[in-house]
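Peer 1: Next one to model:
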Amino acid sequence: MKVLFLGSGTSTGVPVIGCHCDVCSSDNPRNKRLRASVLVRSESTTILVDSCPDLRQQALRHNLTAIDAVIYTHEHLDHTTGFDDMRAFCWRRDDKLPLYAGSSCLAHLKRMFAWAFSEQNTYKGYIRPAAHDHEGHPFTVGDIEVTPVRVEHATVETYGYVFRCKGRSFGYVPDIKVLPAESRSLLQRLDVLAMDGLTTKEHHTHLSVADNVELMLQLAPGRGLLTHCGHAVDYDSICRMLPDFMAPAYDGLELDI
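Peer 2: You can find the predicted model right below:
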């Protein structure tokens, strides 16, 4: 598998509008963060995780013209409002674009973009999704096995995912405050695990950097990455604080797992 970080930032992105802090003013390109999203690819399959509001910019930046499916972590706007930009991934296909999400997120998408899910939506210029409620159960997209991982984040139903292909594993959990006991084994000893590291201070709905490190040490992946980072996270400073097997993700980071 290959994993491309299209965006590694929180809901505001970095720099934040109107902010002149050291990180927002930094000339380090790894402190420039679009909203969080990743692309998971095998030799024959391409999966987009979340359609953030920066999707158009991300797709143009990385020459992304086709995907085989989109998977959603949860319904918050920084993970869903690039939805209509996925019309470009439907123009060259005759079938509908497979879309996987939990029940709450799927209901939210159908309310917000009702026209897209309508039976009358047959025009090829529009996004035409084929919705699948995974109900927390594993599923397969092409040659990639996908396991939903239920986590606690704010008050909405939220999932991380584990992707497996040819014996390799990648876990992606961009929004999390608590990892329930029943989900813990699903994230144990993965090859790579990318997980929420919003800020350097305690936060009521996200892991802090310190929280992330503590949990990573327990889960023991081969490589651990921080993502969904805000403007309190300076790339170089955080690198010096992390254990050797960890680093912050950054926009454009590509992993060959």
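Peer 1: beta partners for the most centrally placed residue in the chain?
Peer 2: For the chain, residue 37 is the residue whose C-alpha lies nearest the centre (C-alpha atoms, centre = their mean; 3.9 Å). According to DSSP bridges, the residues that bridge with residue 37 are residue 7.
Peer 1: Would you mind confirming that it makes contact with residue 48?
Peer 2: Yes - Residue 37 is in contact with residue 48 according to C-beta atoms under 8 Å; the separation is 7.0 Å. Every residue, glycine included, has its C-beta placed from N, CA and C.
Peer 1: Can you name the residues that contact residue 231?
Peer 2: Contact analysis of residue 231 by C-beta atoms under 8 Å, 6 or more residues apart in numbering lists 12, 14, 15, 16, 19, 21, 23, 24.
Peer 1: before we move on, what about residue 203?
Peer 2: residue 177.
Peer 1: re the thing from before, show the buried residues in the contacts of residue 231.
Peer 2: In the contacts of residue 231, burial by neighbour count holds for 14, 15, 16, 23, 24, counting by 16 or more other C-beta atoms under 10 Å.
Peer 1: Listing request: residues of the stretch 1-150 of the chain with sub-threshold pLDDT.
Peer 2: Of all residues in the stretch 1-150 of the chain, none has pLDDT under 70.
Peer 1: for residue 254, phi and psi?
Peer 2: Here the main-chain torsion angles of residue 254 (degrees, to the nearest 10) amount to phi -120, psi 130.
Peer 1: Can you read off the pLDDT for it?
Peer 2: As predicted, residue 254 sits at a pLDDT of 98.
Peer 1: and it, what are its bridge partners?
Peer 2: On the basis of DSSP bridges, residue 254 takes part in beta bridges with residue 4.
Peer 1: Please look at it and residue 38 and confirm they touch.
Peer 2: No - the pair residue 254 / residue 38 is not scored as a contact, 10.1 Å apart, by C-beta under 8 Å.
Peer 1: Give me the common contacts of those two.
Peer 2: 3, 4, 5.
Peer 1: Name all residues that make contact with the residue nearest to the first one when sequence neighbours are not counted.
Peer 2: Right, residue 3. Distances taken as C-beta to C-beta, 6 or more residues apart in numbering put residue 255 closest to residue 3, at 4.5 Å, once the chain neighbours are dropped. By C-beta under 8 Å, 6+ apart, the contact set of residue 255 is 2, 3, 4, 170, 192, 223.
Peer 1: Show me which of those is closest to residue 117.
Peer 2: Using C-beta to C-beta, residue 4 comes nearest to residue 117 of these, at 28.0 Å.
Peer 1: ok, residue 214 - how many residues close by?
Peer 2: Residue 214 has 12 neighbours, counted by other C-beta atoms under 10 Å.
Peer 1: Secondary structure of it: a helix, I assume?
Peer 2: Yes - assessed with DSSP: H, G, I helix; E, B strand; the rest coil, residue 214 lies in a helix.
Peer 1: What residues are bridge-paired with residue 196?
Peer 2: residue 227.
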